[in-house]
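Q: here's a sequence, model it:
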Amino acid sequence: MTSIYQRVLGSDFTRLHPEIQRRFGFSSTDNVASVGRGVMEEVWKGRFYTIPFLYLGTWRRIMFPETGRNIPFTIENYAFVDDFGRETVSWIRTFQSSRTRRFDAYMIYSEARGCIVDYLGSHEHLAVDIDLSVDEEGGLRLRSGAQRFYERAVGFTFPMLFSGVANVREWYDDQARRFRIEVNVHNKAWGPLFGYRGSFEVEWRNVTGAEVPGHIMPLRQERRE
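A: All right, here's what the predicted structure looks like:
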């Protein structure tokens, strides 16, 4: 089975660095998982008025207010088929700052929307369209687009005035033999909101769909895209 990222990028997928191709090229039928461990050189937040929103993000494991340098972290990418039959890749990021914080996300390919949809949070309550591109160094760039909020029977397009646009770049550093990642979340009106940058090494694990650890799975799966 083709990975959801390869499906979107098509022939551009081969322009990715070979290590990035491996990171984004597996699916649930490959029976592997990518677990990265490393250090965030910096985790930062925006101005004082962003703090209430960052604390609100901790409620469902999206963003958080703690900042710092040289913060240990893990990133766990498992591919599995969700309850609605969709190929899904987990993005479970754990930061060991002054307290342990998680940033959970689950990506699928949406036939209806023709793009990757990223479900944010432990309950997949925020669905975000993702645009993918390959940069000149063979890194992968992800940029968030339209967002929709879902909570039980409630569903609506989330106003960008109260949210942020995420720009993510992941690439492979041949000299250091490490993956590098940089995330920047900003709001057009309020400016920078939240972000981090760091590097990690990857451990490849053999796993089947039935063996995906319980802490990886969302507490609720959302059908609406």
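Q: Ile51: which element?
A: helix 51-57 (DSSP states H and E).
Q: also Ile181?
A: Going by DSSP H and E, Ile181 is part of strand 178-187.
Q: surely Glu201 touches Val39?
A: No: between Glu201 and Val39 there is no contact under C-beta atoms under 8 Å: 10.3 Å. All C-beta atoms are positioned from the backbone trio N, CA, C, and that covers glycine.
Q: what's the closest non-adjacent residue to Phe149?
A: Phe158 (4.5 Å; C-beta to C-beta, 6 or more residues apart in numbering).
Q: got a pLDDT number for the one you found?
A: On pLDDT, Phe158 comes in at 80.
Q: what's in contact with stretch 135-152?
A: 5, 15-17, 20, 24, 115-116, 118, 123-134, 155-158, 160, 163-172, 222, 224 (C-beta atoms under 8 Å, 6 or more residues apart in numbering).
Q: contacts only, for the residue nearest in space to the middle of the chain.
A: In the chain, the residue lying closest to the centroid (C-alpha atoms, centre = their mean) is Trp91, at 4.7 Å. Contacts for Trp91 (C-beta under 8 Å, 6+ apart) come out as Ile75, Glu76, Asn77, Phe103, Asp104, Ala105, Tyr106, Met107, Asp118.
Q: over to Gln21?
A: Applying C-beta under 8 Å, 6+ apart, we find Gln21 in contact with Phe13, Thr14.
Q: wasn't it part of a strand?
A: No: counting by DSSP: H, G, I helix; E, B strand; the rest coil, Gln21 is not part of a strand but helix.
Q: now do the buried residues in the helix or strand hosting Arg7.
A: Secondary structure assignment for Arg7, by DSSP H and E: helix 4-9. Neighbour-count burial for helix 4-9, counted by 16 or more other C-beta atoms under 10 Å, picks out Ile4, Tyr5, Gln6, Val8, Leu9.
Q: correct me, but the fourth one touches Glu111?
A: Translated: Val8. No: using C-beta under 8 Å, Val8 makes no contact with Glu111, being 11.7 Å away.
Q: just checking: what are the partner strands of the lengthiest strand in the chain?
A: Criterion DSSP state E: the longest strand present in the chain is strand 191-206. Sheet pairing for strand 191-206, assigned by DSSP bridges, gives strand 32-45 (antiparallel), strand 178-187 (antiparallel).
Q: can you say which of those strands is nearest to Ile71?
A: Nearest of the strands paired with strand 191-206 to Ile71, taken as C-beta to C-beta: strand 32-45 at 4.4 Å.
Q: poorly predicted segments of this structure, please.
A: Applying pLDDT under 70 to the chain flags the ranges 161.
Q: repeat that with 80
A: For the chain, the stretches with pLDDT under 80 are 52-53, 56-57, 159-163, 209-210.
Q: quick one, strands of this protein?
A: Under the criterion DSSP E, the chain contains strands at 32-45, 68-81, 87-96, 100-110, 115-120, 126-134, 140-151, 154-157, 165-173, 178-187, 191-206.
Q: which of those strands sits most buried?
A: Of all the strands of the chain, strand 115-120 carries the top mean neighbour count, a mean of 22, counting by mean count of other C-beta atoms under 10 Å.
Q: just the CA coordinates of that strand, formatted as PDB?
A: C-alpha atoms of strand 115-120 as PDB (Å, rounded to 0.1, in the frame of the first residue of the first chain):
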ATOM      1  CA  CYS A 115      -5.400  16.300   0.600                       C
ATOM      2  CA  ILE A 116      -4.000  15.200   3.900                       C
ATOM      3  CA  VAL A 117      -6.300  16.000   6.800                       C
ATOM      4  CA  ASP A 118      -4.600  16.400  10.200                       C
ATOM      5  CA  TYR A 119      -6.800  15.600  13.200                       C
ATOM      6  CA  LEU A 120      -5.400  17.500  16.100                       C
END
